[in-house]
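K.L.:
Give the three-dimensional model of this entry:
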Amino acid sequence: MQKKSNTQTLDEFVTHVFTGEYEQAMALCNSDVKFVVFREENDSQVPIYGTHIGQGAGTVFFKNLAKMFEFGTFEMEDSIASDNYIVRFGELAHTLKRTGDVFNSLWTMIVRFDAAGKICLYRMHEDTAALEAAMHVSR
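P.N.:
Numbers count the residues shown, from 1 in each chain. All right, here's what the predicted structure looks like:
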């Protein structure tokens, strides 16, 4: 049996996340996977910010994301792959369920894989000012 490529693993992971299949998504990650979303520190006004370590924390994060957003477009413009990393970037437009405002942003995803081909780091970068404006956060 041929081993899946990191690109195939990441494609499956993203599909599982967007379809709410969190257990299947986490099965593609190692047990100590680290999810870093926008900022490493937690933020009481934006609960998805921060570092989430482990499959359980990853599942909670993605469930919270689905509670916050009505997912709209998530388009990849390009992808760069090396032995252990994949960097993808593109554009998104998701609606905040609480405010009804659309969050438009460019995004970058940096994903690292361990020797077994499991995701061990998933880092997202998006326009945090646009997110906070759509959430009506005042600083």
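
K.L.:
could you say which helix or strand contains the spatially most central residue of the chain?
P.N.:
Among the residues of the chain, the one closest to the centroid is residue 124, at 5.6 Å (C-alpha atoms, centre = their mean). Secondary structure assignment for residue 124, by DSSP states H and E: strand 119-126.

K.L.:
Over to residue 31?
P.N.:
strand 29-37.

K.L.:
one step back: sheet partners, orientation included, of the strand holding residue 124?
P.N.:
With DSSP bridges as the test, strand 119-126 is paired with strand 29-37 (parallel), strand 102-113 (antiparallel).

K.L.:
okay, the ones you listed in TSV with mean pLDDT, distance to residue 22 and mean neighbour count next?
P.N.:
(C-beta placed from N, C-alpha, C; glycine too.) Supplementary listing: the strands paired with strand 119-126 in TSV, determined by pLDDT from 0 to 100; distance: least, C-beta to C-beta, whole Å; neighbours: other C-beta atoms under 10 Å:
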stretch	mean pLDDT	distance to residue 22	mean neighbour count
strand 29-37	96	11	18
strand 102-113	97	17	17
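
K.L.:
Compile those into TSV and extend it with columns for distance to residue 15.
P.N.:
Converted to TSV, those look like this (distance: least, C-beta to C-beta, whole Å):
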stretch	distance to residue 15
strand 29-37	14
strand 102-113	14
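
K.L.:
Which residue ranges of the chain form helices?
P.N.:
Remark: helices assigned in the chain by DSSP state H are 6-18, 22-26, 55-68, 128-135.

K.L.:
so what's the closest residue to residue 94 other than its chain neighbours bridging to?
P.N.:
With sequence-adjacent residues excluded and distances taken as C-beta to C-beta, 6 or more residues apart in numbering, residue 94 is closest to residue 69, at 4.2 Å. Beta-bridge partners for residue 69, by DSSP bridges, are residue 96.
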